[in-house]
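Predicted model and sequence follow; I will ask about them next.
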There are 2 protein chains.
Amino acid sequence: MALEHAILVSLLEKPGSGYELARRFERSIGYFWTATHQQIYRVLKRMDNDGWVEVRDIPQQGRPDKKEYSVADLGRAALSSWLHDPIEPESVRHDLAVKIRGAAFDDPAALIREVERHRQVHRDRLAHYLAGETRDFTVPEASTAGPRAPLDAERELQHVVLRGGIAYERMMIDWLDDVLATLSRFGPGR
Amino acid sequence: MALEHAILVSLLEKPGSGYELARRFERSIGYFWTATHQQIYRVLKRMDNDGWVEVRDIPQQGRPDKKEYSVADLGRAALSSWLHDPIEPESVRHDLAVKIRGAAFDDPAALIREVERHRQVHRDRLAHYLAGETRDFTVPEASTAGPRAPLDAERELQHVVLRGGIAYERMMIDWLDDVLATLSRFGPGR
DNA sequence: TCCTTCTATGCAACTCGTTGCATAGCAAGC
DNA sequence: GCTTGCTATGCAACGAGTTGCATAGAAGGA
């Protein structure tokens, strides 16, 4: 039940409409939390009822009005409370791993295409993350000694999460290489 | 909707009762697919209705009867068909990443305990996987040249999935170290 | 001109997954 | 003797997430 909290974080970083949130969930936030516009609209409505967010109607020309949401005090409190609650380490769900073990009872070689496709997706994601890192987090040459520049928590924490995404994609690409090498040792048919 | 398929794979590897499946989902299968006994019983019943599995009642002394499930031809066909369908690379859900980005609006240092706890969980899992690998996949010294031993697809594929789990845990531990180093650069309070 | 895509929001129906509870006998430890 | 935990299955209710559909005007390409 962390969708509310993911929305709160995103709105604290920058207020926006449900539609805009949905697009963010396809990009930066979506790297570690996915949500469709349906869920977002539904949850936003509930959050509004609960007083977690404030809405401002923004009329637009030629398009439907936009509702810009921002975080209210109650929402901030709810986020803070959630941050202090322990959470369980997330449970994993890897369809591909099920398929790989299942391939033993079918045709292992037939999975090669599929695994290659997944590897390409992870390569693309990695390239995308690395481009984002260069764009947003490249700092000018640090002075040799001297005091550090004041730390911007928001930026630093976004960066460390992005580094997590990068590490994950690199790990996946390496593992999928391993999987491909393993699959290729079995001939077609069973 | 891959729970059916995960169950099929598990039953092909070894027939068993719903209860036994639930325990396997806490162990080896659960490393990449979680399920509670509720889901398993419900899905097993549906799979039985659809003719994917066969049930054999095994009376026991002093305990409730056990229903041992095994995969029927229809189930095997369903698995094979699923294996040949492409799947989307799985969408991620990392509560912890949401928390880390959210910490910028609260107290970053307060997250340190939580992150350390998660790191410990991942260390434990890693140790567990490594022990399992030594136990199940240590091969006797390979002969210098000569022909390879016949390859056992089931075993090899189980092993490569386990190696994926190991790589994942190592990556997480390293990343959480990075997160801790980042969090520690911010003082308490905001 | 028509078709598609984008912005922007939303309902309804459905499936999937979680939580709490219930039964029931046996074994082990305090 | 009592509590806890294990085997073994299951119902009921709820909450989370997905899919299909609908509206509606603007912009851009075939």
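That came through fine.

what's the angle between the helix or strand containing residue A:162 and helix B:153-183?
According to DSSP states H and E, residue A:162 maps onto helix A:153-183. Orientation check (axes from the mean of the first three to the mean of the last three Cα atoms, to 10 degrees): helix A:153-183 against helix B:153-183 gives 160 degrees.

do helix A:153-183 and chain B meet?
Yes. Using Cβ under 8 Å from any Cβ of the partner chain, helix A:153-183 reaches chain B at A:153-154, A:156-161, A:163-164, A:167-168, A:170-171, A:174-175, A:178-179, A:182. C-beta: built from backbone N, CA, C; applies to glycine.

got it, and stretch A:80-89?
Yes. On the criterion Cβ under 8 Å from any Cβ, stretch A:80-89 is in touch with chain B at A:80, A:82-84, A:86-87, A:89.

Show me these that map onto strands.
The members of the residues of stretch A:80-89 next to chain B all map outside strands under DSSP state E.

Highest neighbour count among those residues?
residue A:83 (22 neighbours; other Cβ atoms under 10 Å in any protein chain shown).

State the mean pLDDT of stretch A:126-135.
For stretch A:126-135, mean pLDDT rounds to 92.

Next, see if that stretch gets close to chain B.
No. Using Cβ under 8 Å from any Cβ, stretch A:126-135 stays clear of chain B, coming no nearer than 12.4 Å.

still on that earlier bit, name the residues of the helix holding residue A:162 that come out as buried.
Buried residues in helix A:153-183, counted by 16 or more other Cβ atoms under 10 Å in any protein chain shown: A:153, A:156-176, A:179, A:182-183.

still on that earlier bit, of the residues of stretch A:80-89 next to chain B, which is the nearest to DNA strand C?
residue A:87 (10.9 Å; Cβ to the nearest atom of the strand).

List the residues that contact that closest one.
Residue A:87 makes contacts with A:2, B:95-96, B:99, B:114, as judged by Cβ atoms under 8 Å, 6 or more residues apart in numbering or on different chains.

How about residue A:84?
The contact partners of residue A:84, by Cβ under 8 Å, 6+ apart, come to residue B:110.

Look up how far residue B:58 lies from it.
49 Å (Cβ to Cβ, to the nearest Å).

cool, and residue A:68?
Remark: distance between residue A:68 and residue B:58 (Cβ to Cβ) = 62 Å.

who's more crowded, those two?
Neighbour count, other Cβ under 10 Å: between residue A:68 and residue B:58, residue A:68 has more, with 17 against 10.

Name the helix or strand for the more buried one, please.
Residue A:68 is part of strand A:66-71, with elements assigned from DSSP H and E.

any low-confidence regions in chain A?
Applying pLDDT under 70 to chain A flags the ranges A:61-63, A:140-151, A:187-190.

So which residues on it come close to DNA strand D?
Residues of chain A found near DNA strand D, taking Cβ under 7 Å from any atom of the strand as the criterion, are A:1, A:3, A:34-36, A:38-39, A:62-64.

Cross the residues of stretch A:80-89 next to chain B against helices and list the overlap.
Under the assignment DSSP state H, the residues of stretch A:80-89 next to chain B contribute A:80, A:82-84 to helices.

Fine by me, thanks again.
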